[in-house]
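K.L.:
Sharing a sequence plus its predicted fold:
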Amino acid sequence: MSEGFVVAILGATGAVGTRLIQQLEQSTIPVKAVKLLASSRSAGKVLQFREQAVTVEEATPAAFDGVDLVLASAGGSVSKKFLPEAVKRGAVCVDNTSAFRMVPEIPLVVPEVNESALYQHQGIIANPNCSTIQMMVALEPIRQAVGLKQIIVSTYQAASGAGQSALNELYTEAQDFLDGKQMHADIFPTKGDQKHYPLAFNLLPQIDVLEDNLYSHEEWKMIHETKKIMLGDMDASDIKVTATCVRVPVPISHGESIWIDTGDPTATVDQLRQAIADAPGAVLQDDPAHQVYPQPVNATGTRDTYVGRIRPDLENPGAFNLWVVSDNLLKGAAWNTVQIAERLVADDLVHPVVPATK
């Protein structure tokens, strides 16, 4: 058998799926062949992978025969249906949906933070929520340098986090508003909820459904994913976390205002800046004298997580505020997924499927 892996992209025609193709093209993974899978509606479309035409196939259990790696971003119900089938056929799957994130035995991974968790995988690895990923890249180096006791985060999340149709709705609403027409909303704050509101020229303090405990499910995810990634237990009490998640009329790239208590009253801004500057995947953009700080328009299209506005809480020694921005479709989704796959290959945790002999 020739060297390389057979890689399937499940949900290849979606906003994240097209970026998975691009990130896989640029990755270090030796790809012998690629299979692009989607729903029956998209089957037959022709896409490009490394300048070669690839026809999109309908996702079925048999489509995963002979596949070594699956990169999935087609919705939670699709992942629950097909990824166990792929694992039965010998594939290792990296899933970019919420389907498996809180399953205790399934690793939830940000490579810069907890790559070692990959060694416990049983065929499926979960990619965290986009807003959680960038916060982990920013805060793990600080935790390692000076400690971390508490996190209070307010997110400013881009429209594209709800998918391509949501992004299209934002553009349509904005044009209607500028044309003096009434804006029509079908998706925001979340498609399955009872009411919908325009996002253009607006802010919506709801992402995903509102739970009985008064938190949105997006806020719940940030709280418990943080604990699972950093501490290995979604209910750990060593780090206290709370979140307020807000959808903003920005196309791509999430912003986050984060307050942290390091637990070390002697910690300094310089220590935090140095920790970020030295951290893989993080870029320090923090020059107040020249108004240098992270912005979504600059982060879009890049893999890094940008950190700035690092400043002390003047009322609480050892506490700090910072501002974090990252492309939610790349580091928050496609790139983190491919990055996990790169580490699986580099750590020899994927073994090519040997075709059955007849």
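P.N.:
Arrived safely. Residues are numbered from 1 along each chain as shown.
K.L.:
Quick check: longest helix in the chain by residues?
P.N.:
helix 130-146 (DSSP state H).
K.L.:
C-terminal to it, which secondary structure element comes first?
P.N.:
Using DSSP states H and E, the helix or strand that follows helix 130-146 towards the C-terminus is strand 150-157.
K.L.:
Output the contacting helices and strands for that following strand.
P.N.:
helix 130-146, helix 217-231, strand 240-247, strand 254-261 (3 or more CB pairs under 8 Å, 6 or more residues apart in numbering; DSSP states H and E). Every residue, glycine included, has its C-beta placed from N, CA and C.
K.L.:
From the rest of the structure, what touches stretch 49-65?
P.N.:
In this structure, residues lying in contact with stretch 49-65 by CB atoms under 8 Å, 6 or more residues apart in numbering are 8, 10, 12-13, 21, 24-25, 31, 34-40, 42-48, 70, 74, 78, 82, 85-86, 89, 91.
K.L.:
List buried residues within these.
P.N.:
8, 10, 12-13, 21, 24, 31, 34-38, 42-43, 47, 70, 74, 78, 82, 85-86, 89, 91 (16 or more other CB atoms under 10 Å).
K.L.:
Tell me which of those residues fall in strands.
P.N.:
The strands, defined by DSSP state E, take in 8, 10, 31, 34, 35, 36, 37, 38, 47, 70 from the buried ones among the contacts of stretch 49-65.
K.L.:
what sits against the fifth one?
P.N.:
Listed by CB under 8 Å, 6+ apart, the contact partners of residue 35 are 6, 7, 8, 9, 54, 57, 63, 67.
K.L.:
at 7 Å what do you get?
P.N.:
6, 8, 57, 63, 67 (CB atoms under 7 Å, 6 or more residues apart in numbering).
K.L.:
Specify which member of those is nearest to residue 245.
P.N.:
residue 8 (31.5 Å; CB to CB).
K.L.:
And the closest one, how far from residue 124?
P.N.:
Note on residue 8: its distance to residue 124, by CB to CB, to the nearest Å, is 14 Å.
K.L.:
Can you pick out the most distant pair from the ones in strands among the buried ones among the contacts of stretch 49-65?
P.N.:
Maximum distance among those (CB to CB): 18.6 Å, for 31 and 38.
K.L.:
Tell me the pLDDT of residue 239.
P.N.:
According to the prediction, residue 239 has pLDDT 98.
K.L.:
Run the angle between the helix or strand hosting residue 167 and strand 240-247 for me.
P.N.:
Using DSSP H and E, residue 167 sits in helix 164-178. Compare the direction of helix 164-178 with that of strand 240-247 by axes from the mean of the first three to the mean of the last three CA atoms, to 10 degrees and you get 50 degrees.
K.L.:
Pop the domain breakdown of the protein in here.
P.N.:
Domain ranges of the chain: 5-128+334-346, 132-328, per automatic domain parsing.
K.L.:
measure the shortest one end to end?
P.N.:
Spelled out, it's domain 5-128+334-346. Start-to-end span of domain 5-128+334-346 (CA to CA, to the nearest Å) is 12 Å.
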